[in-house]
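Colleague: sequence first, predicted model second:
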Amino acid sequence: MDKVIFLDRDGTINREDGYITKVEQIHLYEGTVPALRMLNEMGYRIVIVSNQAGVGKGLLNEDELLKINNAILKILADQGVSIERLYYCPHHPDAVVPVYRKQCACRKPATGMVVRAAQDLGVDVRGAYMIGDKLCDMELAYNFGGRGILVLTGYGTKEQALIDGKPYAPVYLAADILDAVRWIKDRD
Ligand SMILES: [Mg+2]
Ligand SMILES: [Zn+2]
């Protein structure tokens, strides 16, 4: 069976910086490239799933978002990292841009982006890891039958305090993405 892993973008692979609206705000964490290389070497197909409500909120348009996404993918590709897909959700229930104002099926913790990845890649996502810095990432993992790993970068430390009593507790609390991937490697 093909191995697939889902990664959040902001606060997980690149530094959280509020809404990222410019290429200049992209700063990968130190451990990101080694972590993603390890995943590639272990045979994981990497899929990035990112809520980008800043689009619906009018802070950047989709073209600008694509530039940012492509810049991240290019930095990673230049370092020999292969990313299978990057999906984003531009929607928000309170979006100011009408076309993006909706209760969509793709905004995490809804599973739309993961379902699409499963179809596009022809993979079974059950049991797959989802690494992210927010509880919505953990809840997404729960919703698709995956395993959430919360990184303590980005909003991770803040979000960690809110886990208590939730049904979607992470299987591991990782210092950062590299720690998360090393933990996976130990169990692979
Ligand atoms: Mg995040
Ligand atoms: Zn959406």
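Modeller: Alright, I've got the coordinates. Ligands and ions are numbered 1, 2, ... in the order given.
Colleague: figure out how far the longest helix anywhere in the chain is from the centre of its chain.
Modeller: Ranked by residue count and defined by DSSP state H, the top helix of the chain is helix 62-78. Here helix 62-78 is found 14 Å from its chain centre; the criterion is CA atoms, centre = their mean, to the nearest Å.
Colleague: at contact distance from ligand 2, anything in it?
Modeller: No: residues of helix 62-78 contacting ligand 2 under CB under 5 Å from the ion: none, with a closest distance of 12.2 Å. All C-beta atoms are positioned from the backbone trio N, CA, C, and that covers glycine.
Colleague: who touches the helix or strand just after that helix?
Modeller: Sequence order places strand 85-89 as the next helix or strand after helix 62-78, per DSSP states H and E. Strand 85-89 is contacted from outside by 9, 47-53, 55, 65, 69, 72-73, 104, 106-108, 112-113, 116-117, 120-121, using CB atoms under 8 Å, 6 or more residues apart in numbering.
Colleague: distance of the residue located most distally from the centre of the chain from V123?
Modeller: Seen from the C-alpha centroid of the chain, the residue lying at the greatest distance (CA atoms, centre = their mean) is P98, 25.2 Å away. Separation of P98 from V123 (CB to CB, to the nearest Å) stands at 35 Å.
Colleague: S50 now?
Modeller: Applying CB to CB to S50 and V123 gives a distance of 19 Å.
Colleague: of those two, who's got more company?
Modeller: A direct count of neighbours by other CB atoms under 10 Å for S50 and V123 places S50 higher, at 22 against 17.
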